[in-house]
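Asker: Here is my input; please provide its structure:
(chains A and B)
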Amino acid sequence: MANINFHESYPKNAVSFTTWGVGSLPVNGFYLGTTLPFVSVAMLWSASGTTAKTLSVSFGLFSMNGGTLSLANSASGSVAPTANAISWMTLVTSATMNLSAGNWYTAMMYSTAGNSRISILVRDRALAGTISPNWVTVRPGGQYIYGGGSASTAVMPGSLATSNTAQNSAVLIRHPYVIISG
Amino acid sequence: MAAFLYNFSPYNAVTNKAMSNSQLSFFAFNVYESISLKHLNVQPRLNYNPHSTLNTQSLSILAGMYVLTASSLSLINSGIHSTVISNTSGTAGSITVDYWADVSSWYVTQNLTPGTWYIGLLPIFSTSNASITIVGMSLGGIGGTMAAGNAFPLEFMSGSQAATTLDLPSLIATNTLVVTGAGATNTPCIIISA
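Answerer: Take a look at the predicted model:
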């Protein structure tokens, strides 16, 4: 079967720019039906105002081994806008690789400097609060699909135990929009 | 083998497909890699209006795995999810519950082979004062202008049985299913997991 050229987190519809707690690490699983070269990662950010500010993003690609997510590759980048803008940012990958068909997981963390008037395009999966206060069972049965981890440093962890990723918090369940491209 | 597959990410499930008590609906689901059928997850929103003396509502969701041959759906496997919603307040009033419903009790152990499967979903309530929607995607405002009699033109992808039922049919002709209007294309988010 031929390679595909890109994987998109989800269609670009009805999403919002937001940020989440620094140190939080939303994890989201997806399925690839065929191989995909992992060469570039793109994401969208939004900024306002002329005050100097910086957004630094770290992206991780994980595979699942038992109940532990293992870092397979990573990408990072930063921007320092001084005007109102919505723009793409390309994250530089640490190494090129071909993703095999199967299930993979993405994770993203970020930090800001200057001021906080900069945010990332995400889709929220708020299980409590504005979407619905009534959730009782907060994760699908079976394999790990998504959750909220945390990182104590600005460096993407080499492994992440799924037992340590919360799946019942409105704050931690975010799905940043990314495109992985060959 | 795949660990999990979904028809679309649960993050895109933003609207509700209304499903009536004892009404069977079918949805096409592409399987790209073999997967062990252990869990089939959907997100119901159950609205229940208990009388003060009726404190519980039971919900069962029957799920059938069908294959399409010519214009007939044939039942290959079936599973069931059951839950009980309790009115712990003891007084009348509307209760809304959202949750992940996990169909995990299957008639036979099965590995789903690659191809298009058709999933039949049949919610059954114990009383009449409850309703259910399942979170998914719809045509939304665009669908609102679709003529009610406008039928989906391609090979069968989704539709509902007009008559109520309490069981999954072993064989059903797709030309007996309702495929007209925007409602016929509303699709719940379905996650199949090993």
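
Asker: What strand or helix carries the residue nearest the centre of chain B?
Answerer: Central residue of chain B (CA atoms, centre = their mean): B:Leu121, 3.5 Å from the mean position. Following DSSP states H and E, one finds B:Leu121 within strand B:115-125.

Asker: Buried residues of that strand, list them for me.
Answerer: By neighbour count on 16 or more other CB atoms under 10 Å in any protein chain shown, the buried set for strand B:115-125 is B:117-125. Using the backbone N, CA and C atoms, a C-beta is placed for each residue, glycine as well.

Asker: Repeat that for stretch A:62-82.
Answerer: By neighbour count on 16+ other CB under 10 Å, the buried set for stretch A:62-82 is A:62-64, A:69, A:71, A:73-77, A:79, A:81.

Asker: and it, how far apart are its ends?
Answerer: 34 Å (CA to CA, to the nearest Å).

Asker: Does chain A have contacts with the strand holding B:Leu121?
Answerer: No. Strand B:115-125 stays clear of chain A (CB under 8 Å from any CB of the partner chain), getting no nearer than 12.5 Å.

Asker: next helix or strand past the worst-scoring helix or strand of chain A on mean pLDDT?
Answerer: Lowest by mean pLDDT, DSSP states H and E among the helices and strands of chain A is strand A:16-18, with a mean of 74. Next helix or strand after strand A:16-18 toward the C-terminus (DSSP H and E): strand A:24-32.

Asker: hang on, B:Gln43 packs against B:Asp102?
Answerer: No. The pair formed by B:Gln43 and B:Asp102 falls short of the contact definition of CB atoms under 8 Å, at 10.6 Å.

Asker: List the contacts of A:Ala151.
Answerer: Contacts for A:Ala151 (CB atoms under 8 Å, 6 or more residues apart in numbering or on different chains) come out as A:23, A:25, A:109, A:157.

Asker: ignore the last one, B:Phe27
Answerer: B:7, B:118-119, B:121, B:157-158, B:187-188, B:190.

Asker: Please repeat the previous calculation with a cut-off of 6 Å.
Answerer: When contacts are counted by CB atoms under 6 Å, 6 or more residues apart in numbering or on different chains, B:Phe27 touches B:119, B:158, B:187.

Asker: ok, now A:Met156?
Answerer: With contact taken as CB under 6 Å, 6+ apart, A:Met156 is in contact with A:58, A:60, A:74.

Asker: residues contacting the second one?
Answerer: The neighbourhood of A:Gly60, defined by CB under 6 Å, 6+ apart, consists of A:71, A:74, A:107, A:156.

Asker: Which members of the residues you listed are positioned in strands?
Answerer: With DSSP state E as the criterion, strands contain A:71, A:74, A:107 from among the contacts of A:Gly60.

Asker: Name the nearest of those relative to B:Phe26.
Answerer: Using CB to CB, A:Ala107 comes nearest to B:Phe26 of those, at 35.8 Å.

Asker: so the closest one makes contact with A:Val27?
Answerer: Yes. Counting by CB atoms under 6 Å, A:Ala107 does reach A:Val27; the two are 4.7 Å apart.

Asker: Provide the contact partners of the strand holding B:Leu121 at residue level.
Answerer: B:19, B:21-22, B:24-31, B:59-66, B:68, B:73, B:132, B:168.

Asker: what's the closest non-adjacent residue to A:Thr165?
Answerer: A:Gly147 (3.5 Å; CB to CB, 6 or more residues apart in numbering or on different chains).

Asker: Hmm, the one you found is touching A:Val27, no?
Answerer: Yes. Assessed by CB under 6 Å, A:Gly147 is found in contact with A:Val27 at 5.3 Å.

Asker: can you list residues touching both of the two?
Answerer: A:Thr165.

Asker: List the buried residues for the longest strand out of those in chain A?
Answerer: Secondary structure of chain A per DSSP E: the longest strand is strand A:85-99. Going by neighbour count (16+ other CB under 10 Å), the buried part of strand A:85-99 is A:91, A:93-94, A:99.

Asker: Go through the residues you listed and say which is closest to chain B.
Answerer: Taking CB to the nearest CB as the measure, A:Leu99 is the one of the buried residues of strand A:85-99 closest to chain B, at 13.8 Å.

Asker: Show the contacting residues for the closest one.
Answerer: Counting by CB under 6 Å, 6+ apart, A:Leu99 has contacts A:32, A:36, A:38.

Asker: That'll do, ta.
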